[in-house]
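[1] Quick one, structure for this:
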Amino acid sequence: MDYEYLFGPVPSRRLGISLGVDLIPYKTCSLNCVYCEIGRTTDLKIKRKEYIKIDKIIEELNTYLKSNPELDFITFSGQGEPTLNSGMEKVIDFLKDNYPEYRIAVITNSTLIHRENVRKCLKKCNVILPSLDSATKKSFQKINRPHSNLNINKIIEGLIKFSKDFNGKIWLEIFIIPGINNSYTELKALKKHIIKIDPDIIQLNTLDRPPAESWVKKASLKNLEDIKDFFKPLKTEIIAKYKRRSQITSFNKNISKQIINTVQRRPCTIQELKEILNIHKNELNKYLGSLVEDGILEKDKRERGTFYKLKT
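    Numbers count the residues shown, from 1 in each chain. All right, here's what the predicted structure looks like:
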């Protein structure tokens, strides 16, 4: 069966063998982050509604899970902000009632967590991976380019409220962009609020794949190490230091071969690879990142976009 709303299992550095669930149409999001690997947001929204019919998602999950696949997590993520889908809680309840053996994770940009109905939904999960790239209005606007009705202080208040009542794990991600949110002032503001959020761990991330805006640069490992030290005694790790995806159990070498065979004929963009191989963009990104990391492919930025080709 070809799945429209499920992808993977993907080789996730943080979640191991992770089955992705995509609740939102392509690039429907509450933020338009400059570093987003999927590209610029085309539909900037904060209204919750059933963007994709929940019954269709449940049908796909039931078909896939009844074969008892080996999974570390079922993860709500995808091409936009998952909490925008008002039917998300119905999917979580279905999983809890019918497949309680699987742990549930949600990757969220945190923007709707100030809403009580969103917090109620997320409390039913095992792990929440919220992001908080800034604690100041200026850098929040520059990095995340939010919907006009979003307020960074309200988002932080929502995270604090959620953490007080949540029994699962919170892995808080910060995406570091040199020159914007890595100054002493920015980090001091972040640390002040993160202490109140009290996550189980802070995960520092930086540029790994082509961003939405070409001016975004990668933070050096030294810079990330310095930030990690700055956040002490808060538990902090650098995601970039995790093992390569190709060493993860769920890494599918057949997908890598399909990508290599395709770009061997001609360089392709991620959109072209998606159409040729019929693989979800999020899943493709994982494998493309690994192939570039291993020195098999290289990126070629052209006027029409970023192309992947065999490294010469």
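[2] in the stretch 101-250 of the chain, which spans are helices?
    Secondary structure of the stretch 101-250 of the chain (DSSP state H, counting those that start in this stretch): helices at 116-122, 137-144, 152-165, 184-197, 221-230.
[3] secondary structure class for the residue lying closest to residue 41 once chain neighbours are set aside?
    Distances taken as Cβ to Cβ, 6 or more residues apart in numbering place residue 32 nearest to residue 41, at 3.9 Å, with adjacent residues excluded. Using the backbone N, CA and C atoms, a C-beta is placed for each residue, glycine as well. Per DSSP: H, G, I helix; E, B strand; the rest coil, the local secondary structure of residue 32 is coil.
[4] And residue 32, how far from residue 141?
    According to Cβ to Cβ, to the nearest Å, residue 32 stands 11 Å off from residue 141.
[5] how about the residue nearest to residue 41, what does it touch?
    The neighbours of residue 32, taking Cβ atoms under 8 Å, 6 or more residues apart in numbering as the test, are 40-41, 44, 144-146, 212.
[6] now swap in residue 230 and tell me
    187, 191 are the contacts of residue 230 under Cβ under 8 Å, 6+ apart.
[7] which parts of stretch 289-306 are buried?
    Buried residues in stretch 289-306, counted by 16 or more other Cβ atoms under 10 Å: 289-292, 296-297, 306.
[8] Also stretch 171-186?
    Under 16+ other Cβ under 10 Å, the buried positions of stretch 171-186 are 171-177, 180-182, 186.
[9] Can you pick out the most distant pair from the residues you listed?
    For the buried residues of stretch 171-186, the farthest-apart pair by Cβ to Cβ is 171 and 180; their separation is 22.3 Å.
[10] Do a quick rundown of the strands in the stretch 151-300 of the chain.
    Taking DSSP state E, counting those that start in this stretch as the test, the strands found in the stretch 151-300 of the chain are 169-175, 201-205, 236-238, 297-302.
[11] Tell me how far the third one lies from the chain's centre.
    By that I understand strand 236-238. 16 Å (Cα atoms, centre = their mean, to the nearest Å).
[12] what residues does it touch?
    201-204, 221, 224-225, 227-228.
[13] Next: stretch 161-174.
    14, 113-114, 119, 122-123, 125-133, 159, 181, 190, 194, 197-205, 239.
[14] go with 6 Å
    With Cβ atoms under 6 Å, 6 or more residues apart in numbering as the test, stretch 161-174 has contacts from 113, 119, 123, 125-131, 133, 197-205.
[15] filter those residues to the buried ones?
    Among these, the ones that count as buried by 16+ other Cβ under 10 Å are 113, 119, 125, 127-131, 133, 197, 199, 202-205.
[16] who touches residue 175 in this structure?
    Residue 175 sits in contact with 35, 133, 205, where contact means Cβ under 6 Å, 6+ apart.
[17] any idea how far the second one is from residue 29?
    When Cβ to Cβ is applied, the distance between residue 133 and residue 29 equals 14 Å.
[18] Ok, residue 147 next?
    Taken as Cβ to Cβ, the span from residue 147 to residue 29 is 9 Å.
[19] Nearest to residue 312, out of the buried ones among the contacts of stretch 161-174: which one, please.
    Looking across these and measuring by Cβ to Cβ, the closest to residue 312 is residue 205, at 29.5 Å.
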